[in-house]
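Peer 1: Prediction below, plus the sequence it came from.
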Amino acid sequence: MLISNITRNLLLSFLVIFVGVLLGAQKTTAGESGSFFSQGQAVYNAQDLAKSQQEALQDLMVQGVTQALASLLSPSQMGSNYPAIQSKILKQPERYIESYQIFSESPAGSLYRITGQVNVSMDTLKSDVNQLGLTLSETPGTAPTPPATPEQTGQLAEPPASLEPVPPLSEPSPQQAERIEPAPSPEQRVLWAVAERWNENWILPENSADPRCLFVMSVLQESQDYPWSLNFPQSPSLIIDPSGNVSREQILPQAKSAGFQSLIVGTIFSRQDGGEQPMVEASLQVIDVASGQSKGEIRKEVPMAGSTYQEGAMKMAYLLVPQLDRLLRGGSSAVLTPPDMASGGGWTLLIHSSYPYLYWEELEQVLRDRFTSMQVTKLQVSRDVAQVQVEGLGADFFNMLQDGIQLRDGTRMQLGAYSAENRSVELSPVRF
C-alpha cells in the first residue's frame, strides 16, 4: 500500500508539472530547440515526497535553461547580468521547456535528485534575452543534439560563468546569513584530451555534443561553478594508442599555439575482471602548458554496482572535479602541514555547492562535536558559496581534511584548496 501511494503521488506530481510545461510550450511557435542533459535537486522530505519531487524537477528545468543560456551568452554576460537573468528568465523555466525526459531519480541523504534531459525552445529564449537588452554572443556554445538512447543522454552546452570566492565580509552580526550575489571572474582555459571507452572503441571528444562521451558531459555539469572552462582538440589527426592515451608530443603544441593555460590528458573506461563486479577506472593528469610539467595525477576506481555507464560516469565526475580544480589552481596533493595554531586567529571556510547553507549546517554539527571551543564569528551565503569565519579549530582539523570530512548523511566534504597564508579552506561536497 505504501509503495502504491508513493507511486500515485509521483505520477500525480509529474502530471501536474508536465501539464504546465505543455501549456507553456503551446505559447511558443515551432522553431529551433536544444536538448540538454540536466540534474535537479531539492531538500528531501520523506513526509512529503511529492513536494520533494516537484522542487527537484523544477530545479532540473532551471539547470537546463541555464545551460541553454550559456550557449547564447558569453561567460562575462552571464556573470554581470545574473540578477536580471534570474528574475526574468530562470524564475519561469517552464516557459522555455518544450519537453523533458527523466532518466533517474532517488533520495540521496538530505537531498532528492533527478537526472534527465530537457528540450528548450531556443527561439523563445533568444527573444526574452533580447528583451533584456543583451546581445547574443558572436561565438555561442554549440547547442547540443538529442541523445540516441537513455544510456547516451543529451549533451551539455559550454559551462556558464564561474564564481570567485565571495568578496571580503562586511560586518553582519554573528550567525546572520546575508544574501550576496555572485561576481564574475576570469576563467582558466583548459584543453581536455581524455579518451573514453564504454563499449569497444576509444573516443576522444572534439566538442561537448558527442553523446558517446558520458564522462566529459558529467564533468561539464559538475564544473560549472569553478573558475575554469573546458575546450576540446580540433585536430582529427590525433592518434590514440591502444591504451587510450594521446602523447604529449601530439597535444602539447596544439595547447600552446591556442593559448591554453592547462592541459588534461588521460583515460576513463569501464572494465570487468572475471567474476568481479564492473568498475569505472579513471587516470587523469593535469599539465601546465607553458612549462610542459605535470601539476599532478589522479587515479580512481568506482564500482558500477548495477549502475548504467551514465551513472558510473556521473559518480566519477562528482568525485574527481574538486580534485581537478585543486590541481588546476596550483594545489598540491601532498599531505597538509598544519599551521601554528598557538598564534590564534580565525579561519575562513568556503563551501561550494548548489545548497551551500544546507551543507554548512551539516558540517557545523560535525565540527562542534570535535571542537567544543569552535565559534562562528561571521557567515555569508550566496547562491553557490557559503563563506564562514570560525575560531577555535584545533590542528586535528587539518588531519580531517586529508580524506574528507564525513557528514552524518554520508556526504564527504572534500578539500578543494588550502591557503595557510590567507587562513582559508575551500570545501565541496562529494556524495553518491
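Peer 2: Great, that's in hand.

Peer 1: quick one, phi/psi of Gln224?
Peer 2: With angles defined as degrees, to the nearest 10, Gln224 sits at phi -60, psi -30.

Peer 1: Least confident secondary structure element in this structure?
Peer 2: Least confident helix or strand, the chain: strand 177-180 with a mean of 33, by mean pLDDT, DSSP states H and E.

Peer 1: can you give me how far the helix or strand just after it is from the chain middle?
Peer 2: Next helix or strand after strand 177-180 toward the C-terminus (DSSP states H and E): strand 188-197. Between the centre of strand 188-197 and the centre of its chain there are 16 Å (Cα atoms, centre = their mean, to the nearest Å).

Peer 1: Now strand 188-197: average pLDDT?
Peer 2: Mean pLDDT, computed over strand 188-197, is 93.

Peer 1: got it, and stretch 416-432?
Peer 2: For stretch 416-432, mean pLDDT rounds to 74.

Peer 1: Compute the first-to-last residue distance for stretch 218-233.
Peer 2: One end of stretch 218-233 sits 18 Å from the other (Cα to Cα, to the nearest Å).

Peer 1: Just give me how far that stretch sits from the chain centre.
Peer 2: Computed by Cα atoms, centre = their mean, the chain-centroid distance of stretch 218-233 equals 8 Å.

Peer 1: send the alpha carbons of stretch 379-392 over as CSV?
Peer 2: Extracted C-alpha coordinates of stretch 379-392, given in CSV (Å, rounded to 0.1, in the frame of the first residue of the first chain):
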residue,chain,number,x,y,z
LEU,A,379,28.6,34.0,7.9
GLN,A,380,27.6,35.0,4.3
VAL,A,381,25.7,32.9,1.9
SER,A,382,25.4,33.4,-1.9
ARG,A,383,23.7,31.2,-4.5
ASP,A,384,26.6,28.8,-4.7
VAL,A,385,29.0,29.7,-1.9
ALA,A,386,28.8,29.8,1.9
GLN,A,387,31.7,31.8,3.4
VAL,A,388,32.1,31.2,7.1
GLN,A,389,34.6,32.6,9.5
VAL,A,390,35.3,30.4,12.5
GLU,A,391,37.6,30.4,15.5
GLY,A,392,38.7,27.6,17.9
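
Peer 1: What are the buried residues along that stretch?
Peer 2: If you call a residue buried by 16 or more other Cβ atoms under 10 Å, then stretch 379-392 has these buried ones: Leu379, Gln380, Val381, Ser382, Asp384, Val385, Ala386, Gln387, Val388, Gln389, Val390, Gly392. Any C-beta I mention is one placed from the backbone N, CA and C, and that applies to glycine too.

Peer 1: and these, which two are the farthest apart?
Peer 2: Greatest spatial distance in those: Asp384 and Gly392, 26.8 Å, computed using Cβ to Cβ.

Peer 1: unless I'm mixing things up, Asp409 is touching Tyr44, no?
Peer 2: No. Using Cβ atoms under 8 Å, Asp409 is not in contact with Tyr44; the gap is 9.4 Å.

Peer 1: Settle it for me: which of the two has more neighbours?
Peer 2: Neighbour count, other Cβ atoms under 10 Å: between Asp409 and Tyr44, Tyr44 has more, with 21 against 14.

Peer 1: Distance-wise, check the more buried one relative to Pro205.
Peer 2: Tyr44 is 34 Å from Pro205, where distance means Cβ to Cβ, to the nearest Å.

Peer 1: what's the answer for Ile239, then?
Peer 2: According to Cβ to Cβ, Ile239 and Pro205 sit 16 Å apart.

Peer 1: Among these two, which residue is more densely surrounded?
Peer 2: Pro205 (20 against 9).

Peer 1: Can you tell me, leaving aside adjacent residues, what's nearest to that one?
Peer 2: Excluding the flanking residues, the one nearest Pro205 by Cβ to Cβ, 6 or more residues apart in numbering is Cys213, at 4.2 Å.

Peer 1: Repeat that for Ile102.
Peer 2: Gly116 (4.3 Å).

Peer 1: swap in Trp360?
Peer 2: That would be Ala386: by Cβ to Cβ, 6+ apart, it lies 4.5 Å from Trp360.

Peer 1: Just confirm the one you found is within a strand.
Peer 2: Yes. Counting by DSSP: H, G, I helix; E, B strand; the rest coil, one finds Ala386 located in a strand.

Peer 1: Now do the same contact list for it.
Peer 2: Going by Cβ atoms under 8 Å, 6 or more residues apart in numbering, Ala386 touches Leu349, Leu350, Ile351, Ser353, Pro356, Tyr357, Tyr359, Trp360, Leu379, Gln380.

Peer 1: What residue, apart from its backbone neighbours, is nearest the fifth one spatially?
Peer 2: Closest residue to Pro356 in three dimensions, ignoring its sequence neighbours and counting by Cβ to Cβ, 6+ apart: Ala386, at 3.6 Å.

Peer 1: What of the third one?
Peer 2: Of all residues not flanking Ile351 in the chain, Ala386 sits nearest, at 4.3 Å (Cβ to Cβ, 6+ apart).

Peer 1: so Val129 makes contact with Leu73?
Peer 2: Yes. Val129 is within contact range of Leu73, at 7.0 Å (criterion: Cβ under 8 Å).

Peer 1: Overlap in contacts, those two.
Peer 2: Listed as contacting both Val129 and Leu73 by Cβ under 8 Å, 6+ apart are Leu136.
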